[in-house]
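I'll drop the sequence and a predicted model, then ask my questions.
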Amino acid sequence: MSTPRAKVSNPHRLQRNGRPSHWVNDKGNAFNNPWKSWRNHDWRDQLYIVFKHSRQCPTPPPNMSELIPVRKPTWTFEGPDKLKLKATWLGHASFLVELPARTIEGSSASSPRRGARILFDPLFSERCSPIQWAGFKRITPPACQVEDLPDIDAVVISHDHYDHMDEGTIRKLAALPRIPHFFAPLGNLNILLSFGVSQHSVHILDWWESRRVQVPVLVSDSEDSSHVPVEFDLTCTPGQHNVGRNFTDRFKHPKSLWAGWAVKEVLPDSEGAKAKSAYFAGDTGYRAVLDGQDEEKVPVCEAFEQIGEAFGGFDLAMLPIGAYLPQRFMSPVHCSPKDSTRIFKDVKAKHAIGMHWGTFVLTTEPIMDPPARLKEACEAVGIEEDSFVCTDIGEVKLYD
Ligand SMILES: [Zn+2]
């Protein structure tokens, strides 16, 4: 019989040397992965990644548009759909989530035309690279461009890697007439300011910190321009990853933090049980597996059980399922589909959508393997087929 896993008494903030365990100094301006499941890339790994890796990545087949269809997303909802949680995969790790159209003033108040809209890791550029004439190029188009988006209330960034924090997209979002609020983990203030986001629109959070966001929304079926408030709580959550935007960043302690994000609708106490929640995992690994090691015998990242415990589960989780081979190099930083099914269970998700695949060829697994492996992994651990899915790009999923 296996020994039950140890419980962490204060899951919200692990401390080491009197400071959060992911801080490497008292100032909180350099970070590390505090997990037993983490492994730093050694110099041999770095040489492989820099000089050999891209030559071993697959070439996209000519029929990509049939393999991963791209749809034009819908942004307006009527009738009972207005009260559902909506999520649209826009390609790679980009998602638009719309919470149910419900006000904090209760169901007897006028109803808002829409729920709060949160855009995660938006990337609509042709490449995820420091330059737009070289570097990783899209193999599938994005579902839309910034100009096609409806009003966005919050833009939420997981970390500074080029495939999650895209300067071109952020510049366009920051220049919108109705400027969204931008949320990012510690250490990302200056980069967002340099992309044209104004200081009063940026909110920088540490793991386990939360902000409450209130959005005035026009009232439904009304000729005048009266508004009702809709609200949500946004919490920065831990994960296992790294950061960096240039070659030398590989050899230093990260100066900015990586994170996932939890969103929870805010409703009056009497209706609190109805509040919908979503979890965006950002970019994360689950364990670090060396060649020849049994992945079932290495430690796994405890962050996800802590997140599941802290929030009591989620209606929807957006989980990465791609960029996982070769396992030796990728497992510390990226989940395999099998790892993602474990995270699904750890965070107590009711539904999930796979992301971080089908958009750029970053690693050596065949391009269509992530959804195929996900199906097998779900079967193996007893997750029902329609609970953890891959969608078309631009397909809107609705959750009761
Ligand atoms: Zn990353």
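It's in. Numbering: from 1, shown residues only.

Direction included, what does the helix-or-strand element of the chain with minimal mean pLDDT pair up with?
Lowest by mean pLDDT, DSSP states H and E among the helices and strands of the chain is strand 15-16, with a mean of 72. When pairing is defined by DSSP bridges, strand 15-16 lines up against strand 19-20 (antiparallel).

roughly how far is the strand it pairs with from the heart of the chain?
Strand 19-20 sits 24 Å away from the centroid of its parent chain (CA atoms, centre = their mean, to the nearest Å).

Ok, stretch 302-309 next?
Computed by CA atoms, centre = their mean, the chain-centroid distance of stretch 302-309 equals 16 Å.

cool, stretch 100-120 as well?
Relative to its parent chain, stretch 100-120 has a centroid offset of 23 Å by CA atoms, centre = their mean.

Over to stretch 15-25?
Computed by CA atoms, centre = their mean, the chain-centroid distance of stretch 15-25 equals 25 Å.

Quick check: buried residues in it?
Pro20, Ser21, His22, Trp23, Val24 (16 or more other CB atoms under 10 Å). (Each C-beta comes from the backbone N, C-alpha and C, glycine too.)

just those residues now: which is nearest Arg211?
Arg211 lies nearest to Pro20 out of the buried residues of stretch 15-25, by CB to CB, at 18.0 Å.

give me the beta-bridge partners of that closest one?
According to DSSP bridges, the partner residues bridging Pro20 are Gln15.

any idea how far Ile104 is from whatever residue of the stretch 51-200 of the chain ends up closest to the ion?
Across the stretch 51-200 of the chain, the shortest distance to the ion (CB to the ion) belongs to His161, at 3.4 Å. Separation of His161 from Ile104 (CB to CB, to the nearest Å) stands at 35 Å.

where does the stretch 51-200 of the chain dip in pLDDT?
Counting by pLDDT under 70, the stretch 51-200 of the chain contains no low-confidence segment.

Enumerate the residues of it near the ion.
Contacts of the stretch 51-200 of the chain with the ion, taken as CB under 5 Å from the ion, map to His161.

ok, 8 Å please
Ser158, His159, His161, Asp163, His164 (CB under 8 Å from the ion).

Scan these and report the most crowded one.
Scoring those on neighbours with other CB atoms under 10 Å, the highest-scoring entry is Ser158 at 30 neighbours.

Not counting sequence-adjacent ones, nearest residue to that residue?
Gly282 (2.8 Å; CB to CB, 6 or more residues apart in numbering).

just to revisit the earlier point, from Leu123, how far off is the residue of the stretch 51-200 of the chain closest to the ion?
Counting by CB to CB - His161 and Leu123 are separated by 10 Å.

cool, Asp283 as well?
Using CB to CB, Asp283 is found at 12 Å from Leu123.

any residues in contact with both of these two?
Shared contacts of Asp283 and Leu123, defined by CB atoms under 8 Å, 6 or more residues apart in numbering, comprise Ala93, Asp163, His164.

Export the residues of the stretch 51-200 of the chain next to the ion as TSV, with columns for distance to Ala317.
Formatted as TSV, these follow (distance: CB to CB, whole Å):
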residue	distance to Ala317
Ser158	14
His159	18
His161	20
Asp163	20
His164	17
